[in-house]
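A.B. asks: what's the 3D shape of this:
(chains A and B)
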Amino acid sequence: MKKYLINRLLIAIPTLIGISVVIFTILAVAPGDPMGEFAANPSITAEVRENIRKSLGLDQPIYIRYFKWAWAFVRGDLGYSFTSRSPVIELILQRLPTTLWVVGSAYLLAALIAIPLGVISALKPYSLLDLTITTLAFLGFSLPPFFSGLLLIIIFSVQLKWLPFIYDSTLQVTNWQTLIAQIKQSIMPISVLALYQGAVLMRFTRSSVLEELNQEYVRTAYAKGLTKLAIIKNHILRNALIPVVTLIALDLPTIFTGALITEQVFRVPGIGALLIESIYRSDTPVVMAITFIYGILIVIFNIIADLTYGFLDPRVRY
Amino acid sequence: MLNNKLKTNTVGTWWQNPYIIGIKRLMRDKMAMVGTGVLLLIILTVICGPLIYRTPIDKIDFSQSTLPPSLAHPFGTNDLGQDQLARVLYGGRISLTVGIIAMLVAVSLGTSIGAISGYYGGLVDNVLMRITDLFLALPQLPLLLLVVYLFRDIIKTIAGPETGIFVLIVLVIGCLNWMSVARLVRANFLKLREMEFVTAARALGAQEGRIISRHILPNVFGLIIVAATLAVGNAIITESTLSFLGLGFPPDVPTWGRMLYDAQNFLTSAPYMAIFPGLAIFLTVLSINYIGDGLRDAFDPKTKQ
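C.D. replies: Model (predicted):
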């Protein structure tokens, strides 16, 4: 186990280097100049502009800039934003709680609804209930999040006027009233994300349970005279949920990038919104840091998925 | 004579052909058939619609702005007074073309990499699979946004605003989505290259290229078709996402995602602006997903008849 973990971590290092090189190269060879903003400003002379470039280290060749960046990143220094001149890490930490709150509660909600529904519909395949649930799941994952977001806004904010359609991040939860306001403004972004993730999760749970139902050990358990509930609870679910847990681990990084769209629709000031703003402003250090953090998340959760699989399924040995 | 006899013995009659069986199974799948019908209808409308419905897509008329659906404008008008139906029809052409071409890029890339990797094995396989792993670990959406944003000006000057962006979007979506196809094809090639018919073909002196393309590839075609169908839906959503974030085609080219992007600011006064393009994306993707699901059931050897 330990040896396997070390092995996986060692393999992860070249992958991470690969990801950072790809992102860095894209940013470096792109024609857009981060100094474009200053170039348009007549009060900044060419000489001053050159000095700014130098102070940002932009006059050095690409590979030296890459090594400098990588070394700083390893030490936890993500550099300074070009536009706001504050440390990138500070900007990210400012936005992180909002994203974590939305993404976390959305995924929790999705899992709590989707897994039981998936199990129920697999136990009664092709029944009316199963058909309803699978159809809903199909609709859920064919509905692009930006459209479902706009639909929710039209229905619940514009027509019914129940929920606010712009997320207010300055809201501090101090008493009962602000708590309700916080819940009200989070309902729509969370449900848009939960709908999509839940649909995927439900389909996966269903097919995973269906696969287990025909296994020999289930027949054995029936032959032993166990009750149906005991078989489902202790035998089928334990096995069927192993791939589901793995899927959740693999899915968590994608939900972060998925939140990018939701954040844009509901104007939630999270990490995704920060990334889009920074792309538009050619704020290279911020873009580089956020994109690479997404990459790190993917690699880490891949390892976690592998480890949980081995942990949950004793047949898998490293 | 002998050759003919051999052929009928090994290949079997046409109704034993796995593809014919698969198509027969697909015909019995109700939802897949409904999906095919709806998708054909959408394709037909998008192709023929603009020929019959002659309202221009770009006629700006501020006195007619954000009108609700009416006889003169069945889908209403947008903030510039442009006819929404005409724009939805035109946008459909773009969305579907982007979806299909991006799928072709992704599938041909994935198939070639998977086939080479699975057939030759060894070092080639190792290198190609590490590249595949690297691509799988890249954060897709952020990278997509980044590449389109950074390179759209340069490609605009090379290939013109509309074709340039089209090529860029199709290439980037295709190049970030080939990995699952590659893995699928590789896994099957690994299995198939050990089979007797491949040895037989090699013994007959067939060249490697011919063995790969004529003998092994047809056996994985079913799987590729399933992946390809779902890839079209995926590419349409991705393109719409880009346009929705304001990074797709130039503003004067109406795509479904762009129309939603424009509609965002008029949700209170003109919610119908968002409904029609959104429904168009939803219906297209939904029917493609149903077809893909049906195809998977029909061509998956694991499902019993």
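A.B. asks: what residues of the helix or strand hosting residue B:156 count as buried?
C.D. replies: In this structure, residue B:156 sits in helix B:140-159 according to DSSP states H and E. For helix B:140-159, a neighbour-count test (16 or more other C-beta atoms under 10 Å in any protein chain shown) marks B:140-152, B:155-156 as buried. Using the backbone N, CA and C atoms, a C-beta is placed for each residue, glycine as well.
A.B. asks: quick check: mean pLDDT of stretch A:127-147?
C.D. replies: For stretch A:127-147, the mean pLDDT works out to 88.
A.B. asks: in it, what's buried?
C.D. replies: A:130, A:133-134, A:136-138, A:140-147.
A.B. asks: one more: stretch B:104-119?
C.D. replies: Across stretch B:104-119, burial judged by 16+ other C-beta under 10 Å covers B:104-107, B:109-119.
A.B. asks: same check on stretch A:186-194?
C.D. replies: In stretch A:186-194, counting by 16+ other C-beta under 10 Å, buried: A:186, A:188-194.
A.B. asks: what does stretch A:268-288 give?
C.D. replies: In stretch A:268-288, the ones that count as buried by 16+ other C-beta under 10 Å are A:268-276, A:278-279, A:281-288.
A.B. asks: go back to these and keep what's next to chain B.
C.D. replies: A:275-276, A:279, A:287 (C-beta under 8 Å from any C-beta of the partner chain).
A.B. asks: now do the closest residue to chain B within the stretch 151-300 of chain A, the pLDDT please.
C.D. replies: Scanning the stretch 151-300 of chain A for proximity to chain B using C-beta to the nearest C-beta identifies residue A:294 as nearest, at 3.5 Å. pLDDT recorded at residue A:294 is 88.
A.B. asks: who's in contact with it?
C.D. replies: Each residue near residue A:294 by C-beta atoms under 8 Å, 6 or more residues apart in numbering or on different chains is listed here: A:253, A:256-257, B:139, B:142.
A.B. asks: Produce a PyMOL select command limited to the buried residues of these.
C.D. replies: Only the buried entries of the contacts of residue A:294 go into this PyMOL selection, using 16+ other C-beta under 10 Å:
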select buried, (chain A and resi 253+256+257) or (chain B and resi 139+142)
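A.B. asks: just the helices in the stretch 151-300 of chain B please.
C.D. replies: B:161-175, B:179-192, B:196-203, B:208-210, B:217-244, B:256-263, B:272-299 (DSSP state H, counting those that start in this stretch).
A.B. asks: could you export the ones next to chain B among the buried residues of stretch A:268-288 as TSV, including secondary structure?
C.D. replies: Formatted as TSV, those follow (DSSP: H, G, I helix; E, B strand; the rest coil):
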residue	secondary structure
A:275	helix
A:276	helix
A:279	helix
A:287	helix
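A.B. asks: which two among those are spaced furthest apart?
C.D. replies: Based on C-beta to C-beta, the longest span within these runs between A:276 and A:287 and measures 9.6 Å.
A.B. asks: say whether chain A is contacted by the longest helix seen in chain B.
C.D. replies: Counting residues, the longest helix found in chain B (DSSP state H) is helix B:84-120. No. Helix B:84-120 does not reach chain A (C-beta under 8 Å from any C-beta); its nearest approach is 11.4 Å.
A.B. asks: so who does the closest residue to residue B:168 other than its chain neighbours touch?
C.D. replies: In space, and not counting its chain neighbours, residue B:168 is closest to residue B:155: 4.9 Å by C-beta to C-beta, 6 or more residues apart in numbering or on different chains. The contact partners of residue B:155, by C-beta under 8 Å, 6+ apart, come to B:164-165, B:167-168.
A.B. asks: centroid residue for the chain?
C.D. replies: In the absence of a named chain, chain A is used. In chain A, the residue lying closest to the centroid (C-alpha atoms, centre = their mean) is residue A:256, at 1.8 Å.
A.B. asks: can you look at chain B instead?
C.D. replies: Short answer for chain B (C-alpha atoms, centre = their mean): residue B:232, at 1.7 Å.
A.B. asks: how many neighbouring residues does the residue nearest to residue A:168 when sequence neighbours are not counted have?
C.D. replies: Sequence neighbours aside, residue A:185 is the residue nearest to residue A:168 in space, at 6.2 Å (criterion: C-beta to C-beta, 6+ apart). Neighbourhood size, residue A:185 [other C-beta atoms under 10 Å in any protein chain shown]: 20.
A.B. asks: how about residue A:185, secondary structure?
C.D. replies: helix.
A.B. asks: show me what the helix or strand where residue A:131 lies is packed up against.
C.D. replies: Following DSSP H and E, one finds residue A:131 within helix A:128-142. When contacts are defined as 3 or more C-beta pairs under 8 Å, 6 or more residues apart in numbering or on different chains; DSSP states H and E, helix A:128-142 packs onto helix A:88-123, helix A:176-213, helix B:272-299.
A.B. asks: only alpha carbons, please: show that helix as CSV.
C.D. replies: Output in CSV follows, covering the C-alpha atoms of helix A:128-142 (Å, rounded to 0.1, in the frame of the first residue of the first chain):
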residue,chain,number,x,y,z
LEU,A,128,-42.9,3.3,-14.2
LEU,A,129,-40.8,4.7,-11.4
ASP,A,130,-37.6,3.6,-13.0
LEU,A,131,-38.6,5.1,-16.4
THR,A,132,-39.6,8.4,-14.7
ILE,A,133,-36.3,8.7,-12.8
THR,A,134,-34.1,7.7,-15.8
THR,A,135,-35.9,10.1,-18.0
LEU,A,136,-35.5,12.9,-15.5
ALA,A,137,-31.8,12.1,-15.3
PHE,A,138,-31.5,12.1,-19.0
LEU,A,139,-33.1,15.5,-19.2
GLY,A,140,-30.9,16.7,-16.4
PHE,A,141,-27.7,15.9,-18.1
SER,A,142,-28.7,17.1,-21.6
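A.B. asks: what angle do helix A:88-123 and that helix make with each other?
C.D. replies: Between helix A:128-142 and helix A:88-123, the angle comes out at 150 degrees (axes from the mean of the first three to the mean of the last three C-alpha atoms, to 10 degrees).
A.B. asks: who touches helix A:128-142?
C.D. replies: By C-beta under 8 Å, 6+ apart, helix A:128-142 touches A:114, A:117-118, A:120-122, A:124, A:195-196, A:198-200, A:202-203, A:206, B:233, B:282, B:285-286, B:289-290, B:293.
A.B. asks: next one: that helix to chain centre, how far?
C.D. replies: Put simply, helix A:128-142 sits 24 Å off its chain's centre (C-alpha atoms, centre = their mean, to the nearest Å).
A.B. asks: mind showing which ranges of chain B have poor pLDDT?
C.D. replies: The model of chain B has pLDDT under 70 over residues B:1-16, B:65-67, B:71-72, B:81, B:300-305.
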